[in-house]
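Novice: curious how this folds, go ahead:
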Amino acid sequence: SNVVLNATNINNNTNQNLTTYWDVSDADGDNVKNITNWKINDTSIVVLNMPFEEINATATNNAWDYSGFGNNGTVTGATWSATAGYDGFGAYQFDGDGDNITLGNGTSLNISGAITLEVWINATNLGGDGTLNSYYKINETELGTGVLDDTDYFGTSVTGIGDLNGDGVNDLAVGARGDDGSETDQGAVYILFMDISGNVDSYYKINDTDLGTGVLGSNDLFGGSVENIGDLNGDGITDLAVGAYNDDQAVYILFMNTNGTLNSYYKISESDLGVVLDINDKFGRAVTNIGDLNDDGITDLAVGAYTDDDDIDAPPGADQGAVYILFMNITGGVDSHYKINESDLGAGVLDDNDFFGISVAGIGDLNGDGVEDLAVGAYADDDDIDAPPGNNQGAVYVLFMNITGGVDSYYKINESDLGAGRLDDSDFFGISLENIGDLNSDGIMDLAVGAVGDDDNIPSPGNGQGAVYVLFMNTTGGVDSYYKINESDLGT
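Specialist: Got it, this is the predicted structure:
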């Protein structure tokens, strides 16, 4: 949004009436509620609750001042509707050049002091329903001919990194796990500097050239996961965590520069964990920022190891999976860790080849107990509601955490929540996860869940085209409703 404060004539004399206007909108054109606070010498003189909802069942004094000075406004020219506004309780429509609000009480409005204006925009009231507004496809056309090679797998992972270069537009980091540097499938991460239309203005590619000779080996698959971890080292620049889960089984903490280049890095591997990772644990296949779980002022991480076998069965199972909670320090190292597997969930909860930990997403404090919670994908889970059970339909576990990294309780999302017949065999629901904030404005974080094998496209079923489920959550971890995005939304 843009807020402008200026005088009503071109000379900008301070003894003239002051006008304010701001540009606030979302992509759907939804109404946005806001509060405007005028201050003199840092003292509130007028606080207007926009869009002036009905007071005492009347529409005549709706420009109501909540500051205590009684500077109620007089609305001129605007049209009142008792059922308008984002919540249907009334609003004025300012759609003409002469529409204005006049504020009374000239004494408290003496503008000889320092004038400031604050506007609070309640962005949670955008009221999204999960449907697709529009999209833009980024591929080699944007990056340039010859930039991407066959089997680079650009788009393996993606994360928002805020406005890294300070141009006012949010940027992206995109993994390309099959990129060939000095050796085959070493992997890479592209930093994409975006424009507001979804185009790429420029990019920087991070690979073995940045990390140093010999750091990445063949088939490391660097870029298999990527996550914004905030400003870990306190230099004012967003940092990244990048998984290299195949041969090396590591997570790289990348301390960034604003131009997308690498300042320095720290490599987290089994030596940091103090454990021996099995050769096929796939530690680093997924990584997410879980906030400051242990309340030490430093962002912590959850890392998936989706083929981990260390369950509580005798003999041990195969590829049940695990998630490591990493309590971090500002150097990028690990102070301590906690491993979540079937020991936390309960005997028999995970089956062989469930691949718990294929994806992870921090979901904030979903149940309101003051502790950050976690969503974990198990994309090959078979415990659906069909008889007999299906095969690789998938599931998502919502883990209610404690500050030690352990699990207090959990809720499992699968076909039972979505409805009979919603998931088919080999849909692989849960292969990817993302916290999408409170999309429908009910005060609860929502989730986007990938189903890479979904075939329900148009005009006739295909094969593995894929889909994304937008899940509207409740505080128990269950799903109130959902919207499925597939080819029907993108177009034939």
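Novice: end-to-end on stretch 330-345?
Specialist: 31 Å (Cα to Cα, to the nearest Å).
Novice: give me the mean pLDDT for that stretch.
Specialist: Average pLDDT, stretch 330-345: 94.
Novice: same deal with stretch 195-212?
Specialist: When pLDDT is averaged over stretch 195-212, the result is 94.
Novice: contact partners of it?
Specialist: 135-136, 138, 142-143, 169, 179, 181-183, 186-194, 215-216, 222, 242, 252, 254, 259-262, 265 (Cβ atoms under 8 Å, 6 or more residues apart in numbering). From N, CA and C alone the C-beta is placed, and that goes for glycine too.
Novice: can you flag which of these belong to strands?
Specialist: Among these, the members falling in strands (DSSP state E) are 188-194, 222, 242, 252, 254, 262, 265.
Novice: I'd like these laid out as TSV, including neighbour count and distance to residue 411.
Specialist: Shown next, in TSV, are the ones in strands among the contacts of stretch 195-212 (neighbours: other Cβ atoms under 10 Å; distance: Cβ to Cβ, whole Å):
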residue	neighbour count	distance to residue 411
188	24	37
189	29	33
190	27	35
191	24	36
192	21	35
193	20	39
194	23	35
222	32	33
242	28	30
252	28	32
254	24	33
262	20	39
265	19	36
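Novice: the strands in the stretch 151-300 of the chain, which residues?
Specialist: Along the stretch 151-300 of the chain, the segments classed as strands by DSSP state E, counting those that start in this stretch run 154-160, 172-176, 188-194, 200-206, 222-228, 240-244, 250-256, 262-268, 283-289.
Novice: export those strands to TSV and tack on distance to residue 129?
Specialist: Formatted as TSV, the strands of the stretch 151-300 of the chain follow (distance: least, Cβ to Cβ, whole Å):
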stretch	distance to residue 129
strand 154-160	21
strand 172-176	24
strand 188-194	25
strand 200-206	29
strand 222-228	26
strand 240-244	32
strand 250-256	35
strand 262-268	39
strand 283-289	26
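Novice: shaky segments in the stretch 1-150 of the chain?
Specialist: Scanning the stretch 1-150 of the chain with the threshold set as pLDDT under 70 gives 1-73, 78-128.
Novice: what do you get for the stretch 351-492 of the chain?
Specialist: Along the stretch 351-492 of the chain, the model assigns pLDDT under 70 to residues 384-389, 457-462.
Novice: quick one, helices of it?
Specialist: Secondary structure of the stretch 351-492 of the chain (DSSP state H, counting those that start in this stretch): helices at 415-418, 487-490.
Novice: just these: most buried one?
Specialist: Burial of the helices of the stretch 351-492 of the chain is given as mean neighbour count (mean count of other Cβ atoms under 10 Å); helix 415-418 ranks first at a mean of 20.
Novice: quickly note the distance from the closest residue to residue 471 other than its chain neighbours to residue 285.
Specialist: Once flanking residues are discounted, residue 471 sits nearest to residue 447: 4.5 Å by Cβ to Cβ, 6 or more residues apart in numbering. Taken as Cβ to Cβ, to the nearest Å, the spacing of residue 447 relative to residue 285 amounts to 19 Å.
Novice: between those two, who's got more neighbours?
Specialist: When neighbours are counted by other Cβ atoms under 10 Å, residue 447 and residue 285 differ, and residue 285 comes out ahead with 27 against 23.
Novice: need the contact list for the nearest residue to that one once chain neighbours are set aside.
Specialist: Using Cβ to Cβ, 6+ apart and skipping residues adjacent in sequence, the residue nearest residue 285 is residue 245, 4.2 Å away. For residue 245, the contact set (Cβ under 8 Å, 6+ apart) comprises 221, 224, 225, 282, 283, 284, 285.
Novice: at 7 Å what do you get?
Specialist: Contacts for residue 245 (Cβ atoms under 7 Å, 6 or more residues apart in numbering) come out as 221, 224, 282, 283, 284, 285.
Novice: so who does the second one touch?
Specialist: Shown in contact with residue 224 (Cβ under 7 Å, 6+ apart): 156, 157, 175, 177, 187, 243, 244, 245, 284, 285.
Novice: pLDDT score for it?
Specialist: As predicted, residue 224 sits at a pLDDT of 96.
Novice: would you mind measuring from it to residue 139?
Specialist: Distance of residue 224 to residue 139, computed by Cβ to Cβ: 19 Å.
Novice: same check, this time on the first one
Specialist: According to Cβ to Cβ, residue 221 stands 20 Å off from residue 139.
Novice: just want to know which of the two has more residues nearby.
Specialist: Between residue 221 and residue 139, counted using other Cβ under 10 Å, the more crowded position is residue 221 (26 against 10).
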